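Novice: Make a model of this:
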Amino acid sequence: MAEGSVAADQLRLFIERIERLEEEKKGIADDVRDVYAEAKANGYDPKIMRMIVRLRKMETHTRQEQDAVLETYRAALGLE
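Specialist: Model (predicted):
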């Protein structure tokens, strides 16, 4: 019976940790949203900013490969 109680306590602690982290994650997401709103109020385009953030996360060679494929597709569709 004691082992079941220990397992239940451990499970509860895991759940509580996850809940705290989820709350922190929500707070950070709210902060990020506020920064994008502030940038928009200053004349910046949040959609483009999100694209830039995504591009900066990529490794250089991955970004270069995607750029090359995009240029190929644009050329094929006459979007130059």
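
Novice: Distance of the spatially most central residue of the chain relative to E80?
Specialist: Centroid-nearest residue in the chain, with CA atoms, centre = their mean: R54, separated by 8.2 Å. Taking CB to CB, to the nearest Å as the measure, R54 falls 24 Å from E80. (Glycine included, C-beta is placed from N, CA and C.)

Novice: what do you get for K57?
Specialist: 28 Å.

Novice: More neighbours: these two, which one.
Specialist: Taking other CB atoms under 10 Å, K57 and E80 do not tie; K57 has more neighbours (9 against 6).

Novice: Any idea how many residues pack against R74?
Specialist: Around R74 there are 11 residues (other CB under 10 Å).

Novice: Over to R63?
Specialist: For R63, the neighbour count with other CB under 10 Å is 14.

Novice: Ok, the one 4 residues further on next?
Specialist: By other CB under 10 Å, the residues close to D67 number 11.

Novice: what sits against it?
Specialist: Not one residue lies near D67 by CB atoms under 8 Å, 6 or more residues apart in numbering.

Novice: Pull the distance from the helix or strand harbouring it to the chain's centre.
Specialist: Taking DSSP states H and E as the criterion, D67 maps to helix 60-76. Put simply, helix 60-76 sits 22 Å off its chain's centre (CA atoms, centre = their mean, to the nearest Å).

Novice: Dump that helix to CSV, keeping only the CA atoms.
Specialist: Provided in CSV are the C-alpha atoms of helix 60-76 (Å, rounded to 0.1, in the frame of the first residue of the first chain):
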residue,chain,number,x,y,z
THR,A,60,22.3,28.7,-42.6
HIS,A,61,22.5,25.7,-45.0
THR,A,62,18.8,24.8,-44.4
ARG,A,63,17.8,28.4,-45.0
GLN,A,64,19.9,28.6,-48.2
GLU,A,65,18.3,25.3,-49.5
GLN,A,66,14.8,26.6,-48.8
ASP,A,67,15.7,29.9,-50.6
ALA,A,68,17.0,28.0,-53.6
VAL,A,69,13.8,25.9,-53.8
LEU,A,70,11.6,28.9,-53.4
GLU,A,71,13.4,30.8,-56.2
THR,A,72,13.1,27.7,-58.5
TYR,A,73,9.3,27.6,-57.8
ARG,A,74,8.9,31.4,-58.3
ALA,A,75,10.8,31.2,-61.6
ALA,A,76,8.7,28.3,-62.7
